[in-house]
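**Q** Dropping the sequence and predicted coords here.
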Amino acid sequence: NAGVTQTPKFQVLKTGQSMTLQCAQDMNHEYMSWYRQDPGMGLRLIHYSVGAGITDQGEVPNGYNVSRSTTEDFPLRLLSAAPSQTSVYFCASGFAEETQYFGPGTRLLVL
Amino acid sequence: TQLLEQSPQFLSIQEGENLTVYCNSSSVFSSLQWYRQEPGEGPVLLVTVVTGGEVKKLKRLTFQFGDARKDSSLHITAAQPGDTGLYLCAGEWYSSASKIIFGSGTRLSIRP
């Protein structure tokens, strides 16, 4: 039981490049979410999903896309990276939104 | 947009002292969580509260949910250096079900 896994751990992008942050969980959780955390700050909700095929926007969805084709996977796509998207990205999952397990994070630097 | 205010932002105290961290909203929570995060790691869930007036204890940590379900507190008794970290509250409101919004956190430092 690996819990919530995120890849890559660290990524450097140039402005305008696109990429996908991967998130997977093996706990059969219906609820999954993506957050970003800027230095010294709390977490801000980007997108979330209450089950396969269902996604919705969080607080800061602009510039990001998600899909949930399976229960296990919830990838986050950056369409055209900007320096403002430099952050640490956390994926989380849970049987319900109020009991989430977080992954180790992906550190993204956009130059 | 729902706002969740957490205070204080920073707290540095001596080992053995007690402390309280607060989390407030102007709207009624349907549920509220407290997380702890260590540097370089993801947050770890400490507790979830859903009932007004609810009190939960986790060793030296006591969590209280306000009667009106608009506020919560985390009290640590006899703080130890191992309690150092970022404490985050997170809430869900009836008006925005399934969205968990985090506060900005309280960075706690315990001096030996």
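**A** Looks like it came in fine. Numbers count the residues shown, from 1 in each chain, chains lettered A, B, ... in the order given.

**Q** Going by C-alpha atoms from here, please, whenever you check contacts or count neighbours.
**A** Will do.

**Q** What's the nearest residue in chain A when you look at chain B?
**A** Going by Cα to the nearest Cα, chain B is nearest to A:Gly42 of chain A, at 4.0 Å.

**Q** ok, that residue touching B:Gly103?
**A** Yes. The pair formed by A:Gly42 and B:Gly103 meets the contact definition of Cα atoms under 8 Å, at 5.8 Å.

**Q** Give the residues shared as contacts by the two.
**A** Counting by Cα atoms under 8 Å, 6 or more residues apart in numbering or on different chains, the shared contacts of A:Gly42 and B:Gly103 are B:Leu88.

**Q** Mind checking which of these two has more residues around it?
**A** Under the criterion of other Cα atoms under 10 Å in any protein chain shown, the comparison of A:Gly42 against B:Gly103 puts B:Gly103 first, with 23 against 20.

**Q** Nearest residue to the one residue sitting closest to the centre of chain A in space, ignoring adjacent ones along the chain?
**A** Centroid-nearest residue in chain A, with Cα atoms, centre = their mean: A:Trp34, separated by 3.3 Å. Once flanking residues are discounted, A:Trp34 sits nearest to A:Cys91: 4.6 Å by Cα to Cα, 6 or more residues apart in numbering or on different chains.

**Q** Quick check, pLDDT for the one you found.
**A** Predicted confidence (pLDDT) for A:Cys91: 98.

**Q** Contact partners for A:Cys91?
**A** A:4, A:6, A:23, A:32-35, A:102-103, A:105.

**Q** Alright, calling it a day.
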